[in-house]
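Colleague: quick check, what structure comes out for this input:
(2 chains)
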Amino acid sequence: MADDYAIIGIFLLIGIGFVLVTFFIARLLRPHRPSDVKLETYECGEQIMGSSWIQYNVGYYIFALIFVIFDVEVIFLFPWAVAFKKLGLFALIEMFIFLAILIFGLVYAWKKGALRWV
Amino acid sequence: MLEFDGLLLNIYNSLSLWFESLGVPLIWLDLLVMVFAGAVILGVIAVSVLFLVWWERKVSAHIQDRLGPMRTGKHGVLQTLADGIKLLQKEDIVPRVADKKVYFWAPVVCFVTAYMAYIVIPFGKGLIARDLNIGIFYIVAITSFTIISLLMAGWASNNKYALLGGMRSAAQIVSYEVPLTLAVIGAVMLAGSLSMVDIVKAQGPYFWRWYWLPQILGFGIYFVAATAEANRTPFDLPEAEQELVAGFNVEYSGMKFAMFFLAEFANMFTVSAIATTLFLGGWQPPLPGLSFIPSWIWFFGKTLFLVFVIMWFRWTYPRLRVDQLMGFAWKFLLPLAFANLFLTGLGVYFFG
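Modeller: Here you go, the predicted structure:
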């Protein structure tokens, strides 16, 4: 068997190929009659009020930041989880300390109101 | 001939002998095997989605005391096929103000990531495209790309509903990813491996040894978070029809819309398949005496049951509010997932 991870690249190519071929087949079959009204953005039939690429308050911004922190920590937990049985008590205590710091971070964010919906 | 693993190995061995006799390097055979696996999995996705869409409509109908599709084929089994052919002929409308390139690639990214997750799903004994040694980690990584495709679709449409839907789904999937991954780690600790095949084998053929029992908390967290990841009711805020008129894919039509639809159902199958693999013993029978039934039937049976439960949720619970949704992930599921890790650590240390 060749390199184990070559299959990921091959699946990537097959997947993209499949979608593009399907789009191409659809292109041969479907009608193409654009009109001014048809190409307008959908806003429940109302007149469009400007572009939607505007600056507005993204309430999820803080959540994204917290996510980055926690997701990186979770990645650190994976090697520990795999080797956990071999490492014994030392790894257990060490990881508990690590998790405790994480939970402290969560409690801090919670108390600061970062988890509150704005 | 109901089990494929021996058969496939025999075919591979005889093919490699044949290739050797022809003097062709074996790397071409490996390549052929990979392309074959890719084609088979495309087939699996197509058939399972055709079935699941029909099944969802039937389950919904029967829960609401209706019949659902009845006319296309017996009990409407060909309904999805008819819908697919219809979508193939639909005009492709791209809004004038859209970002054309991003608009085009969003459904491609969405489908390809859903498709690539299937590489490491063990459909049966020996029925896996490639048993990567980081299997479950790979799935967690590759399914994260879904967020990017939804954001691409929402932003490129230049539509307010689509943008809000895309933003919401990014926030939601990102939030539920953390408890989901922590729940996965619980099962990984018990199995001591990231490979999907090893995790299945570690659980053995007795149903009380499967990880749903020692990881009952983890299983619950995983399943709730997975429902949210798959954007299913009660967590279907990104596509809330009544307020966002379908969310990130409002502006999509024809085959591009079909790709999002395909990916959504493929994702629902994937999360159920992972739950089966991690917590319900994968392709193992519940008792060793039942091993005369082929392993892939067990796998599909368990997975389809979990898919059914997800559909059942849809007609049982009302949709959450956005603040409730985020609060539930961060203030309830995440602490619970940490508690599960502590308990699992202590349990494995003292009783494992």
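Colleague: for the chain, which helix is longest?
Modeller: I'll assume chain A. helix A:61-87 (DSSP state H).
Colleague: wait, chain B
Modeller: Per DSSP H, chain B has its longest helix at helix B:26-63.
Colleague: need the helix or strand of the chain with the lowest average pLDDT.
Modeller: With no chain named, the answer covers chain A. Taking mean pLDDT, DSSP states H and E as the measure, chain A has helix A:61-87 as its least confident helix or strand, at a mean of 83.
Colleague: wrong one, I was asking about chain B
Modeller: Per mean pLDDT, DSSP H and E, bottom of the list for chain B is helix B:241-244, a mean of 66.
Colleague: and the angle from whatever helix or strand comes next after that helix to helix B:26-63?
Modeller: Heading C-terminal from helix B:241-244, the first helix or strand you meet, by DSSP states H and E, is helix B:254-279. Counting by axes from the mean of the first three to the mean of the last three Cα atoms, to 10 degrees, helix B:254-279 lies at 90 degrees to helix B:26-63.
Colleague: which of the helices or strands spans residue 18?
Modeller: This is for chain A. A:Phe18 belongs to helix A:6-29, assigned by DSSP H and E.
Colleague: try chain B instead
Modeller: helix B:5-22.
Colleague: what does the pLDDT read for B:Ala225?
Modeller: If you check B:Ala225, the pLDDT there is 91.
Colleague: in the chain, where is pLDDT below threshold?
Modeller: Using chain A here. A:1-2, A:57-59, A:117-118 (pLDDT under 70).
Colleague: actually, chain B is the one I wanted.
Modeller: Looking at chain B by pLDDT under 70, you get B:1-5, B:238-244, B:352.
Colleague: can you pull out the helices in it?
Modeller: Under DSSP H, chain B gives helices at B:5-22, B:26-63, B:79-88, B:100-116, B:135-143, B:145-156, B:160-191, B:196-203, B:216-229, B:241-244, B:254-279, B:295-314, B:322-327, B:334-351.
Colleague: how about those in TSV, adding mean neighbour count and distance to A:Cys44?
Modeller: C-beta coordinates here come from the backbone N, C-alpha and C atoms, glycine included. What follows is the helices of chain B, written out as TSV (neighbours: other Cβ atoms under 10 Å in any protein chain shown; distance: least, Cβ to Cβ, whole Å):
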stretch	mean neighbour count	distance to A:Cys44
helix B:5-22	12	53
helix B:26-63	17	26
helix B:79-88	16	23
helix B:100-116	21	20
helix B:135-143	22	32
helix B:145-156	23	17
helix B:160-191	25	8
helix B:196-203	22	45
helix B:216-229	23	27
helix B:241-244	12	11
helix B:254-279	24	18
helix B:295-314	19	25
helix B:322-327	17	20
helix B:334-351	17	37
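Colleague: redo those helices as JSON lines? Include distance to B:Leu127.
Modeller: Supplementary listing: the helices of chain B in JSON lines, determined by distance: least, Cβ to Cβ, whole Å:
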{"stretch": "helix B:5-22", "distance to B:Leu127": "7"}
{"stretch": "helix B:26-63", "distance to B:Leu127": "9"}
{"stretch": "helix B:79-88", "distance to B:Leu127": "24"}
{"stretch": "helix B:100-116", "distance to B:Leu127": "17"}
{"stretch": "helix B:135-143", "distance to B:Leu127": "14"}
{"stretch": "helix B:145-156", "distance to B:Leu127": "25"}
{"stretch": "helix B:160-191", "distance to B:Leu127": "19"}
{"stretch": "helix B:196-203", "distance to B:Leu127": "10"}
{"stretch": "helix B:216-229", "distance to B:Leu127": "22"}
{"stretch": "helix B:241-244", "distance to B:Leu127": "37"}
{"stretch": "helix B:254-279", "distance to B:Leu127": "12"}
{"stretch": "helix B:295-314", "distance to B:Leu127": "6"}
{"stretch": "helix B:322-327", "distance to B:Leu127": "37"}
{"stretch": "helix B:334-351", "distance to B:Leu127": "29"}
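Colleague: to A:Leu102, which of those helices lies closest?
Modeller: Closest of the helices of chain B to A:Leu102 is helix B:334-351, at 7.3 Å (criterion: Cβ to Cβ).
Colleague: okay, the angle between the closest one and helix A:61-87?
Modeller: 0 degrees.
Colleague: ok, and the closest non-adjacent residue to the residue positioned nearest the centre of chain B?
Modeller: Most central residue of chain B, judged by C-alpha distance to the mean C-alpha position with Cα atoms, centre = their mean, is B:Thr270 at 1.7 Å. Nearest in space to B:Thr270, with sequence neighbours left out and distances taken as Cβ to Cβ, 6 or more residues apart in numbering or on different chains, is B:Ala117 at 5.0 Å.
Colleague: need the contact list for that neighbour.
Modeller: B:139, B:142-143, B:267, B:270 (Cβ atoms under 8 Å, 6 or more residues apart in numbering or on different chains).
Colleague: from these, pick the one nearest chain A.
Modeller: Nearest to chain A among the contacts of B:Ala117 is B:Ile142, at 8.5 Å by Cβ to the nearest Cβ.
Colleague: and the closest one, what is it in contact with?
Modeller: Per Cβ under 8 Å, 6+ apart, neighbours of B:Ile142: B:113, B:116-117.
Colleague: gap between it and A:Lys111?
Modeller: B:Ile142 sits at a distance of 35 Å from A:Lys111 (criterion: Cβ to Cβ, to the nearest Å).
Colleague: may I have the phi/psi pair for A:Ser35?
Modeller: When quoted as degrees, to the nearest 10, the phi and psi of A:Ser35 stand at phi -140, psi 170.
Colleague: how close does it sit to B:Phe104?
Modeller: Taking Cβ to Cβ, one finds A:Ser35 at 21 Å from B:Phe104.
Colleague: same check on A:Glu94?
Modeller: Relative to B:Phe104, and taking Cβ to Cβ, A:Glu94 is found at 49 Å.
Colleague: surely B:Met326 and A:Leu115 touch.
Modeller: Yes - using Cβ atoms under 8 Å, B:Met326 makes contact with A:Leu115 at a distance of 7.3 Å.
Colleague: need the overlap of contacts for the two.
Modeller: A:Phe63.
Colleague: list the helices and strands the helix holding B:Trp18 packs on?
Modeller: helix B:26-63 (3 or more Cβ pairs under 8 Å, 6 or more residues apart in numbering or on different chains; DSSP states H and E).
Colleague: centre of the chain to the helix it packs on, how far?
Modeller: Once both centres are worked out by Cα atoms, centre = their mean, to the nearest Å, helix B:26-63 turns out to sit 11 Å from its chain's centre.
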